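Engineer: Structure for the following, please:
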Amino acid sequence: MPHPRPLTRRHIAQAGLVLLAASALGARAQGAWPAKPVRIVVGFSAGGTTDVVARLMAKELTEALGQPFIVDNKPGGGSNIATDLVREAAPDGYTLLMMAVTSTINQTLYKNIKFKLDRDFEGVALCAKMPNILVVNPNVPARTVPEFIAWLKTQGDKVSYASSGSGTSIHMAGELFKVRTGTHAVHVPYKGSAPALTDLMGGQVQYMFDNMISSWPHVQAGKLRALAVTTRQRSPSAPDVPTMEESGVAPFDVTSWFGLVAPKGTPQAVLDKVNQVVNAAFDKPEVRQAYAKLGAVAEKNSPQDFNKFIHDEVSSWAPVVKASGAQVD
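Structural biologist: Okay, the predicted model is just below:
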């Protein structure tokens, strides 16, 4: 058996070049994200607010990063099904969640919940904020919040209100309204705003606290009547609609929001790249125009900013859930 040849400086140099080349190829492969389509999971049905914001951001990301960003609707469980799906996904940047305020409410609303937001997710970008709006079926004989409260108190158990799912800010706004006004109504959860609005316009339910983005077009078309917005300031998109506090129900301040998150452990470079595209989109006239029509507000932020925002939202919603007495198994 021949003896192995001794390593020479030339051999060592060649080996070093091979390692450098492999390292460079690996770096290029790692830096090539996205190299295939990216899925944005939405925990509500198509046509609802979360879905609309997700599709708007998916279009911007597709155009900027050269790969399709595909919205995948997984409604159910007040968005918990979608949240768990993304929690269990590989942290490789190819599965994102368009999280709504719902998830921060669910953290204390649900007794048995698998995810913990601080532990299981990385914030990517806060995409939109907007008020909820109290809308009623036009057959409801009330044109102001005080008139509506007076009418509710004469109805006993005959009135029901819709939401886009248990634990949504829409649901919690409805519960908070009952607590603040001493009224009663049966909660009917749906798998998103779109089917809830269909039944509201059809008269199967009488009222709803909905996101402006999905209900305002129906108000403008005369299919629904708007009584109040849930934020402390009036919406620029609906300046004639008073706030809940102006209507005599105080304190009352509920804001819906939507943002992209990724499974914990997703590379920071991926988070930063998506964040940069989202923030850049806010400067585009067509995006600003779309947000204005939807009653939405954009705030530039970093992944770290959004992580803190999510943490603070969990803390602020916990006492609201407790005060409402709402709980879901």
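Engineer: Show me what counts as buried in stretch 143-154.
Structural biologist: By 16 or more other CB atoms under 10 Å, the buried positions in stretch 143-154 come out as 145, 148-149, 151-152. In this view, the C-beta of every residue, glycine as well, is placed from N, C-alpha and C.
Engineer: Could you do stretch 213-228 as well?
Structural biologist: 213-216, 218-219, 223-228.
Engineer: ok, now stretch 244-260?
Structural biologist: Residues of stretch 244-260 classed as buried: 244-247, 249, 252, 254-260 (neighbour count, 16+ other CB under 10 Å).
Engineer: got JSON lines for those residues, with secondary structure too?
Structural biologist: Formatted as JSON lines, the buried residues of stretch 244-260 follow (DSSP: H, G, I helix; E, B strand; the rest coil):
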{"residue": "244", "secondary structure": "coil"}
{"residue": "245", "secondary structure": "coil"}
{"residue": "246", "secondary structure": "coil"}
{"residue": "247", "secondary structure": "coil"}
{"residue": "249", "secondary structure": "coil"}
{"residue": "252", "secondary structure": "coil"}
{"residue": "254", "secondary structure": "coil"}
{"residue": "255", "secondary structure": "strand"}
{"residue": "256", "secondary structure": "strand"}
{"residue": "257", "secondary structure": "strand"}
{"residue": "258", "secondary structure": "strand"}
{"residue": "259", "secondary structure": "strand"}
{"residue": "260", "secondary structure": "strand"}
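Engineer: pLDDT added to those residues, as TSV?
Structural biologist: Formatted as TSV, the buried residues of stretch 244-260 follow (pLDDT from 0 to 100):
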residue	pLDDT
244	97
245	96
246	97
247	97
249	96
252	91
254	88
255	87
256	88
257	93
258	95
259	98
260	98
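Engineer: which one of those is nearest residue 61?
Structural biologist: residue 260 (9.0 Å; CB to CB).
Engineer: which ones are touching that closest one?
Structural biologist: 40, 57, 96-99, 124-125, 127, 274, 278 (CB atoms under 8 Å, 6 or more residues apart in numbering).
Engineer: any idea which of those residues is closest to residue 314?
Structural biologist: Using CB to CB, residue 99 comes nearest to residue 314 of the contacts of residue 260, at 11.7 Å.
Engineer: Would you confirm that the closest one contacts residue 306?
Structural biologist: No: counting by CB atoms under 8 Å, residue 99 does not reach residue 306; the two are 9.4 Å apart.
Engineer: Just the contacts of residue 260: which are in strands?
Structural biologist: Among the contacts of residue 260, DSSP state E puts 40, 96-99, 124-125, 127 in strands.
Engineer: burial measure for the nearest residue to residue 287 once chain neighbours are set aside, as a count.
Structural biologist: Closest residue to residue 287 apart from its sequence neighbours, by CB to CB, 6 or more residues apart in numbering: residue 281 at 5.0 Å. Using other CB atoms under 10 Å, residue 281 is surrounded by 23 other residues.
Engineer: so what's residue 281 up against?
Structural biologist: 57, 60, 64, 287.
Engineer: run the last query once more with 10 Å
Structural biologist: 56-57, 59-61, 63-64, 125, 127, 287-288, 290-291, 298 (CB atoms under 10 Å, 6 or more residues apart in numbering).
Engineer: Restricted to helices, list those.
Structural biologist: Among the contacts of residue 281, the ones falling in helices (DSSP state H) are 56-57, 59-61, 63-64, 287-288, 290-291.
Engineer: residue ranges for the helices of the stretch 1-150 of the chain, please.
Structural biologist: Ranges of helices within the stretch 1-150 of the chain are 9-30, 49-65, 80-87, 101-109, 117-120, 145-152, based on DSSP state H, counting those that start in this stretch.
Engineer: I figured residue 52 was touching residue 215, is that so?
Structural biologist: No: under the criterion of CB atoms under 10 Å, residue 52 is not in contact with residue 215, lying 11.7 Å apart.
Engineer: so what sits against both of these two?
Structural biologist: residue 193.
Engineer: which helices and strands does the strand or helix carrying residue 177 pack with?
Structural biologist: Following DSSP states H and E, one finds residue 177 within helix 169-181. Contact partners of helix 169-181 among helices and strands, from 3 or more CB pairs under 10 Å, 6 or more residues apart in numbering; DSSP states H and E: helix 101-109, strand 121-136, helix 145-152, strand 160-163, strand 186-189, strand 207-211, strand 255-263, helix 303-324.
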